[in-house]
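In: predicted structure and sequence below. I'll ask about it afterward.
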Amino acid sequence: MADSDTTPEAESEEVLTQEEIDALLTSVDGEEDDGDVGDIVPGVGHVRTFDFSRQGQSLSAGLPLLNVIHERFALQFCESIFNTLRCSNNVKFAGARGASFTDYLHTLELPTHINFINLQPLKGIALAVFDNNLIANATSSFFGGSMKKELVGDKQDFTPSEMRIGNMLLQRVMSDLQLSWKADIDIHPQAKQTETNPDFAQLMNPAEQLLVNRFDIVFEGTQGIFELAMPMAMIEPYRDQFAVTYQAEKREDQGTWAPVIIDELKTTSVELSSTLGTAQVSLGELLKLNAGDIIHLDMSDTVTLFAEGVPIFEGEYGAFNDKNAVKIHHKKHRS
C-alpha cells in the first residue's frame, strides 16, 4: 500500500520535469542552439541600453549642442570678467563629468562660493560654484592688488569684500548664461541661495545625479575655476534637442571687441604698387648694361594697382598736381 501513496497533490509538487531542468542547465552552459536563445519577444519595441554608472560621460558626449552652448558662455564670461575687473583673462570650457550631489560636495574645499540657481523653464535647481582662488584673485584685481598663485590654506570663510565680488560674478554668470542659451532655449536664471561651506549646502537630494561643467579662468600668472552643475533631470527633457548636430549661425551680437578691432584695422598701413611697363632682354644684353643706358618698356594703356601684392584696381597712369598718379577706373574681380 506504500506504493499507492502517490497522490495528485504529490505530483503537483514536481514543478519542473527532468527534461526541463536539463534544458535550463544546457542553456546556461551556452550549448543550446542559437535559434532557441535570445528570441525577440513579440510586441516589445527597441530597448536602448542605459549605463547609470556612466550617465554623466555619455550625456555630455551625446549632446554636442550643449557643449557649443558652454563654449558660447566661456567667450561671453571672458568678456564680462574683463569689463568687471579690468584685467586680461581667458575662460576655457574644460569639459563635463558626472557625479552625485553628495560626491560633488566632497570635492569642494572650504570656503567655496556655492550658489543655487533656477534656470527657468528648465526644471530643477543648478549650482553655480566659484572656487577660493577665483574669488580671492578677482577681489584682489578689483581693488588694484596683485594676483596670488598660492593662497593661505587655513582660510575658513570669505571676507565681506570677497562675498561682494562673488555676488557680482554670479550676476555676470546669470546674464551670460541667458545670452549663451538664448539661441536654443530662452532661460531666465534666478539666484535662490548662497553658501560658503559645502557641509551646509544641502538644498538637493543627496543622490541627485549632476552633470558638472567646468570652466578654467586663467588670469595673470594664476587661475581659478567656475563650475556649473546641472541635474540630469534638468537636461533629460531636452536630450533630443541637444543631440542635434550644431550648425554655425551668424551672430548678430558681436560683443564690444568687434568694433574696436574693426577701427584698429582701418588704421593699418597698406603698401600700394603698380607695374608701369615691362621689357625683355637676353642675359648677354643684361650683362652689357651700364649707367646711362636706356631700356625701352612695353607699356599698356591701363595699369593694375596692387595692395600688398594682391590686384585690387585697374587704372590709368598719368600726372596730377605735378605728381605721378594712377586714376582708378574699376575694381578688380577676384576669382
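Out: That came through fine.
In: can you name the element that comes right after the worst-scoring helix or strand of the chain on mean pLDDT?
Out: Counting by mean pLDDT, DSSP states H and E, the chain has its least confident helix or strand at helix 8-12, which shows a mean of 48. Sequence-wise, the next helix or strand downstream of helix 8-12 (DSSP states H and E) is helix 18-28.
In: gap between that next one and the chain center?
Out: 55 Å (Cα atoms, centre = their mean, to the nearest Å).
In: how about stretch 229-246?
Out: Distance of stretch 229-246 from the chain centroid (Cα atoms, centre = their mean) equals 15 Å.
In: and it, what's buried?
Out: 229-232, 234-235, 238, 242 (16 or more other Cβ atoms under 10 Å). For glycine as for every other residue, the C-beta is placed from the backbone atoms N, C-alpha and C.
In: now do stretch 73-83
Out: Buried residues in stretch 73-83, counted by 16+ other Cβ under 10 Å: 73-81.
In: my guess is A74 contacts N89, does it?
Out: No - using Cβ atoms under 8 Å, A74 is not in contact with N89; the gap is 10.9 Å.
In: and for the residue nearest the centre of the chain, nearest residue in space, chain neighbours not counted?
Out: Central residue of the chain (Cα atoms, centre = their mean): E71, 2.5 Å from the mean position. Spatial nearest neighbour of E71, excluding adjacent residues (Cβ to Cβ, 6 or more residues apart in numbering): F93 at 5.4 Å.
In: per-residue pLDDT of that neighbour, please?
Out: Looking at F93, its pLDDT is 96.
In: same question for T194.
Out: pLDDT at T194 comes out at 96.
In: so what's the residue lying closest to N115 once chain neighbours are set aside up against?
Out: In this structure, N115 finds its nearest non-sequential neighbour in A128, 4.4 Å apart by Cβ to Cβ, 6+ apart. Each residue near A128 by Cβ atoms under 8 Å, 6 or more residues apart in numbering is listed here: 115, 117, 170, 173-174, 226-228.
In: the residues you listed: which two are farthest apart?
Out: Longest distance between any two of the contacts of A128 is 14.7 Å, between M174 and E227; criterion Cβ to Cβ.
In: show me where the stretch 1-150 of the chain has its helices.
Out: Secondary structure of the stretch 1-150 of the chain by DSSP state H, counting those that start in this stretch: the helices cover 8-12, 18-28, 55-61, 64-85, 101-106, 132-142.
In: how is the protein divided into domains?
Out: 52-262, 269-289+296-331 (automatic domain parsing).
In: so which of those is nearest A23?
Out: Using Cβ to Cβ, the domains of the chain put domain 52-262 closest to A23, at 33.3 Å.
In: now do that closest one: distance to the chain's middle.
Out: That offset, for domain 52-262, works out to 12 Å (Cα atoms, centre = their mean).
In: next one: stretch 287-295
Out: In terms of Cα atoms, centre = their mean, the centre of stretch 287-295 is set 65 Å apart from its chain centre.
In: and that stretch, C-alpha only, in PDB?
Out: The C-alpha coordinates for stretch 287-295 follow below in PDB (Å, rounded to 0.1, in the frame of the first residue of the first chain):
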ATOM      1  CA  LEU A 287      75.400  92.000 -68.600                       C
ATOM      2  CA  LYS A 288      76.400  94.800 -71.000                       C
ATOM      3  CA  LEU A 289      74.100  97.400 -69.400                       C
ATOM      4  CA  ASN A 290      75.900 100.400 -67.900                       C
ATOM      5  CA  ALA A 291      74.800 103.600 -66.200                       C
ATOM      6  CA  GLY A 292      73.100 105.900 -68.700                       C
ATOM      7  CA  ASP A 293      71.800 103.100 -71.000                       C
ATOM      8  CA  ILE A 294      68.100 103.400 -71.900                       C
ATOM      9  CA  ILE A 295      65.700 100.500 -71.800                       C
END
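In: contacts for it, please.
Out: With Cβ under 8 Å, 6+ apart as the criterion, stretch 287-295 contacts 279, 281.
In: what does the average pLDDT come to for that stretch?
Out: 90.
In: bridging residues for the residue nearest to N115?
Out: N115, L228 (DSSP bridges).
In: touching, D176 and F73? I think so.
Out: Yes - in this structure, D176 is within contact of F73 by Cβ under 8 Å, at 5.6 Å.
In: the residue nearest to E71 and S273: what is the separation?
Out: 45 Å (Cβ to Cβ, to the nearest Å).
In: again, but for N205
Out: From N205 to S273 the distance is 72 Å (Cβ to Cβ).
In: contacts for stretch 195-208 next, please.
Out: Applying Cβ under 8 Å, 6+ apart, the set of residues contacting stretch 195-208 from outside is 100-102, 105-106, 108-114, 116, 125, 127, 157-158, 163, 192-193, 231-233.
In: quick check: end-to-end length of stretch 111-127?
Out: Stretch 111-127 stretches 15 Å from its first residue to its last (Cα to Cα, to the nearest Å).
In: try stretch 298-311
Out: Start-to-end, stretch 298-311 (Cα to Cα) is 20 Å.
In: next, the buried residues of it.
Out: 303, 305-306.
In: and for stretch 199-218?
Out: Buried, per 16+ other Cβ under 10 Å, within stretch 199-218: 201, 204, 208-217.
In: okay, these in JSON lines with distance to N321 next?
Out: What follows is the buried residues of stretch 199-218, written out as JSON lines (distance: Cβ to Cβ, whole Å):
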{"residue": "A201", "distance to N321": "77"}
{"residue": "M204", "distance to N321": "78"}
{"residue": "E208", "distance to N321": "79"}
{"residue": "Q209", "distance to N321": "78"}
{"residue": "L210", "distance to N321": "74"}
{"residue": "L211", "distance to N321": "70"}
{"residue": "V212", "distance to N321": "70"}
{"residue": "N213", "distance to N321": "64"}
{"residue": "R214", "distance to N321": "64"}
{"residue": "F215", "distance to N321": "59"}
{"residue": "D216", "distance to N321": "59"}
{"residue": "I217", "distance to N321": "57"}
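In: noted, bye for now.
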